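1. Sequence and predicted structure are below.
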Amino acid sequence: GAVVSQHPSWVICKSGTSVKIECRSLDFQATTMFWYRQFPKQSLMLMATSNEGSKATYEQGVEKDKFLINHASLTLSTLTVTSAHPEDSSFYICSARDFNEQFFGPGTRLTVL
Amino acid sequence: GEDVEQSLFLSVREGDSSVINCTYTDSSSTYLYWYKQEPGAGLQLLTYIFSNMDMKQDQRLTVLLNKKDKHLSLRIADTQTGDSAIYFCAESSRSGNTGKLIFGQGTTLQVKP
């Protein structure tokens, strides 16, 4: 199957700082990418749909000014957690759509101290 | 709204078959997916089925779809300890044809040697 990478795989930051997470489709072009958040022992919660060349579509309850999404090319989407706080600590997973299949990145573990 | 439900836990012995069940509410779902997640990792697409199919088999995996009852199952034949993981079913949302996925809570499969 297609490969999606995320960088970094884990990050620890101080409260109040901003953190950028990259999601790349390595062997295919993805006009649509998705960002999810997963809490321990829970399912994935869709945060937003990232569309290449246009604004992201955020799910209800997700603050767009806090979670900035940029999808500048067909192979890269970035999620920036601005002014991170401990409650933002979570596992962030991206996925990229290739026709009828959706491939997931390995996830980024964010810990905010 | 759309909803996907799974049982939370399944324990089997190595060599037995495992059957993980899933129910969904959106009758207009076009594709239904099974993903596997190992600890600390992203999601691995195992298989998917188009809504006009009843069954799909791929090596040790068999997917059964009962569209009338909105019931999906994943059967793993000859279950191995390496199959221990969390299994998520997901349906593709018809919303805006974005390919957005709605996930179940995940079923933890424990394989005992």
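-> Received it, and whenever you're ready, just let me know what you need. In this text, all values refer to a predicted model and were calculated from it rather than measured experimentally.
2. Around chain B, pick out the residues from chain A.
-> A:1, A:4, A:6, A:32, A:34, A:42-44, A:46, A:49, A:57, A:93, A:95, A:97, A:100-107, A:109 (CB under 8 Å from any CB of the partner chain). Bear in mind the C-beta positions are built from the backbone N, C-alpha and C, glycine included.
3. Just those residues: which are in helices?
-> If you go by DSSP state H, these have nothing in helices.
4. List only buried entries from these.
-> A:4, A:6, A:32, A:34, A:43-44, A:46, A:49, A:57, A:93, A:95, A:97, A:101-107 (16 or more other CB atoms under 10 Å in any protein chain shown).
5. the strands in chain B, which residues?
-> B:4-6, B:9-13, B:18-24, B:31-37, B:43-50, B:55-58, B:61-66, B:71-76, B:85-92, B:101-103, B:107-112 (DSSP state E).
6. closest to residue A:26 out of the ones you listed?
-> Using CB to CB as the measure, strand B:43-50 is the one of the strands of chain B that comes nearest residue A:26, at 15.2 Å.
7. can you give me the angle that closest one makes with strand B:71-76?
-> 120 degrees (axes from the mean of the first three to the mean of the last three CA atoms, to 10 degrees).
8. In terms of pLDDT, where does the residue positioned nearest the centre of chain A sit?
-> Residue closest to the average C-alpha location in chain A (CA atoms, centre = their mean): residue A:35, at 3.8 Å. For residue A:35, the pLDDT comes out at 96.
9. Repeat that for the one 4 residues further on.
-> Per-residue confidence for residue A:39 comes out at a pLDDT of 87.
10. Spell out which residues of chain B are next to chain A.
-> So chain B meets chain A at B:31, B:33, B:35, B:40-45, B:48, B:50, B:88, B:92, B:98-106 (CB under 8 Å from any CB).
11. and those, which are buried?
-> Here, 16+ other CB under 10 Å leaves B:31, B:33, B:35, B:41-43, B:45, B:48, B:88, B:92, B:99-106 buried among these.
12. before we move on, the earlier item: is the residue nearest to the centre of chain A in contact with residue A:81, as I believe?
-> No. The criterion here is CB atoms under 8 Å, and residue A:35 misses it with residue A:81 at 10.5 Å.
13. Give me the common contacts of those two.
-> residue A:67 (CB atoms under 8 Å, 6 or more residues apart in numbering or on different chains).
14. can you list the strands of chain B in TSV and add mean pLDDT and distance to residue A:17?
-> Below are the strands of chain B laid out as TSV (pLDDT from 0 to 100; distance: least, CB to CB, whole Å):
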stretch	mean pLDDT	distance to residue A:17
strand B:4-6	94	36
strand B:9-13	97	38
strand B:18-24	96	40
strand B:31-37	93	29
strand B:43-50	92	28
strand B:55-58	95	45
strand B:61-66	96	43
strand B:71-76	97	41
strand B:85-92	94	31
strand B:101-103	89	30
strand B:107-112	96	34
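15. Minimum distance to residue A:12: which of those has it?
-> If we rank the strands of chain B by CB to CB, the stretch that ends up nearest is strand B:31-37, at 22.6 Å.
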